[in-house]
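J.: A structural model of the following input is requested.
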Amino acid sequence: MEGASTCSIREEKHTVKKVDRSVKIENVVASASLKHGIDLEDVDRAFPRVKYSPEKFPGLVFRLKKPRTAILIFSSGKMVCTGAKSTNQARKALRKVIRKLKKAGIVILGRLSTKIQNVVASASLGGNIDLVSWYGTQRLGGRMMYEPEQFPGLIFRMKNPRAVMLLFSSGKLVCTGAKKEDHVYEAVNRIREMLEEDECIFYPSSLEEMNFEGESILRE
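T.: Alright, predicted model coming up:
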């Protein structure tokens, strides 16, 4: 049997019909800031359900039901929104908190400046990945990290679009570090194309052919 530099058994024809792939946005982290500070004790008094324990954590946690998010508010006027399922949801949640603060009599001046910090998504490529062989190609240099004895996933740092991909042999992956939702879809499509070019992803019909070829080789 040849070494792991080639991806198991290469197929002469790798034009396998692609399986539907799902990409799901799991979390969007957005930051925002005002040009002035906020009295968190006033916010705590105005909203009994917020969580504020300054002896444990300097920020105040303001939770929303719609959209279901958690906004961390700091006395400096900085805010961080987590739990949103889209960039629009994150911005909407931050604007909603500002409206609630104003309505409660909290002094808010100027406009809120927001920035998307991270879009985290999960996806399934619909086929099995030969991680050992893909890592063995080394054509991507130091952008790959794979230590299966410590963790079963392969980490790939994509430059364009900028994102970090965590891939598993099952074909499932996690994408993090993207700044836009479009970048997530672009990164997932790009990683699939790279795996197909290197013949390191095998879709269900392809796996059946591989098993048949493997049995034939063993019989010979």
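J.: walk me through the domains of this structure.
T.: 29-117, 125-219 (automatic domain parsing).
J.: quick check: mean pLDDT across the longest one?
T.: I take that to be domain 125-219. Averaging pLDDT along domain 125-219 yields 85.
J.: about what we covered before: out of the domains of the chain, nearest to residue 23?
T.: Of all the domains of the chain, domain 125-219 sits nearest to residue 23, with 5.6 Å by Cβ to Cβ. Using the backbone N, CA and C atoms, a C-beta is placed for each residue, glycine as well.
J.: residues in contact with the residue most central in space within the chain?
T.: Nearest to the mean C-alpha position of the chain, by Cα atoms, centre = their mean, lies residue 120 at 2.4 Å. Applying Cβ atoms under 8 Å, 6 or more residues apart in numbering, we find residue 120 in contact with 25-29, 174-176.
J.: now, among those residues, which is nearest to residue 163?
T.: Distances from residue 163 to the contacts of residue 120, taken by Cβ to Cβ, are shortest for residue 175, at 5.4 Å.
J.: now do the contacts for residue 23.
T.: With the criterion set at Cβ under 8 Å, 6+ apart, residue 23 makes contact with 121-123, 184-185, 188.
J.: now it, what's its secondary structure?
T.: Using DSSP: H, G, I helix; E, B strand; the rest coil, the structure places residue 23 in strand.
J.: beta partners for it?
T.: Residue 23 forms beta bridges with residue 123, as assigned by DSSP bridges.
J.: now it: how far from residue 133?
T.: 25 Å (Cβ to Cβ, to the nearest Å).
J.: and residue 24, by the same measure?
T.: Separation of residue 24 from residue 133 (Cβ to Cβ): 27 Å.
J.: which residues of this protein fall in strands?
T.: 22-33, 51-52, 60-64, 69-73, 78-84, 113-124, 128-129, 144-145, 154-158, 163-167, 172-178, 201-202 (DSSP state E).
J.: then the fourth one to PDB, C-alphas only?
T.: Okay, so that is strand 69-73. Only the C-alpha atoms of strand 69-73 are listed here, as PDB (Å, rounded to 0.1, in the frame of the first residue of the first chain):
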ATOM      1  CA  THR A  69     -29.300  37.400  22.600                       C
ATOM      2  CA  ALA A  70     -27.200  38.500  25.500                       C
ATOM      3  CA  ILE A  71     -25.700  42.000  25.600                       C
ATOM      4  CA  LEU A  72     -22.800  42.800  27.900                       C
ATOM      5  CA  ILE A  73     -22.700  46.500  28.800                       C
END
